[in-house]
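A.B. asks: sequence-free structure coming up:
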């Protein structure tokens, strides 16, 4: 079965790094680019996932299951975060009748 | 194997770009689902089968359905979509690109990685991850259930209709 890990290693770790850097930067640019709060939340999910992918890649290349446990916890926290975020979004729509993030500009200062 | 990786990577990046650039929120959600499915493909390529299944169940099954549900509940579409000014958009793209260049430059030299554990083909399987989860990380696992409970209570409190006390 030692061929299994050599199959995984056919893709160098640097390529996973580059892929997750791309995904993270796209998520970051999306947070700055869009005004719709729900899409900002989705870009946050994208950033979470790029980090998860990188943790999994390192874990697989290190033969260490600890990284995958961390990914599991990140998924748990992301699920809780989305629940509360969407509840806030529904409340915001009800109170100011908009999902525009600029409606919350009093949070800036 | 490598070709599958590059195939999935191309799908991930293209669908991530579509998430950011789509005009309608529904199209963004669908692009994000495609992106998450391709990331599940990456997990399978890395032999992280447990994570691949959990990722599909939690993200594609639960979180994205929640997003879709909220978008339909609020009746968001292209007409109600707020748009940023052109200058802000250019600034956002420049900021993201500069961040990407910084990260790429920081790791340009490559990585010296040595495996810490001996070769083991079962690292990402359910049994192995479960042993790590319930032996070394038992307390965080239990605490995360409290986190979920508080998130649930918080979401219900936030979602409840307030009385018009003004």
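C.D. replies: Perfect, thanks for sending it. Since this is a predicted model, take the numbers as computed values, not measurements. Numbering: from 1, shown residues only, chains lettered A, B, ... in the order given.
A.B. asks: List the contacts of residue B:45.
C.D. replies: For residue B:45, the contact set (CB atoms under 8 Å, 6 or more residues apart in numbering or on different chains) comprises A:8, A:11, B:1, B:4, B:5, B:8. Yep, even glycine has a C-beta here, placed from its N, CA and C like the rest.
A.B. asks: What distance separates the opening and closing residues of stretch B:102-112?
C.D. replies: End-to-end span of stretch B:102-112 (CA to CA, to the nearest Å): 20 Å.
A.B. asks: Quickly check: that stretch near chain A or not.
C.D. replies: Yes - residues of stretch B:102-112 contacting chain A under CB under 8 Å from any CB of the partner chain: B:103, B:104, B:107, B:110, B:111.
A.B. asks: Helix or strand: which one has residue 15?
C.D. replies: If you meant another chain, say so; for now it's chain A. helix A:13-33 (DSSP states H and E).
A.B. asks: you looked at the wrong chain, it should be chain B
C.D. replies: Counting by DSSP H and E, residue B:15 is found in helix B:2-21.
A.B. asks: Give me the nearest residue to the residue in chain A positioned nearest to chain B, chain neighbours excluded.
C.D. replies: Per CB to the nearest CB, residue A:29 is where chain A lies closest to chain B, at 2.7 Å. Once flanking residues are discounted, residue A:29 sits nearest to residue B:96: 2.7 Å by CB to CB, 6 or more residues apart in numbering or on different chains.
A.B. asks: Quick one: name whatever helix or strand follows the helix or strand encompassing that neighbour.
C.D. replies: Per DSSP H and E, residue B:96 falls inside helix B:86-106. Toward the C-terminal end, the helix or strand that comes next after helix B:86-106 (DSSP H and E) is helix B:126-135.
A.B. asks: Next, the buried residues of that following helix.
C.D. replies: Using 16 or more other CB atoms under 10 Å in any protein chain shown as the test for burial, helix B:126-135 gives B:128, B:129, B:132, B:133.
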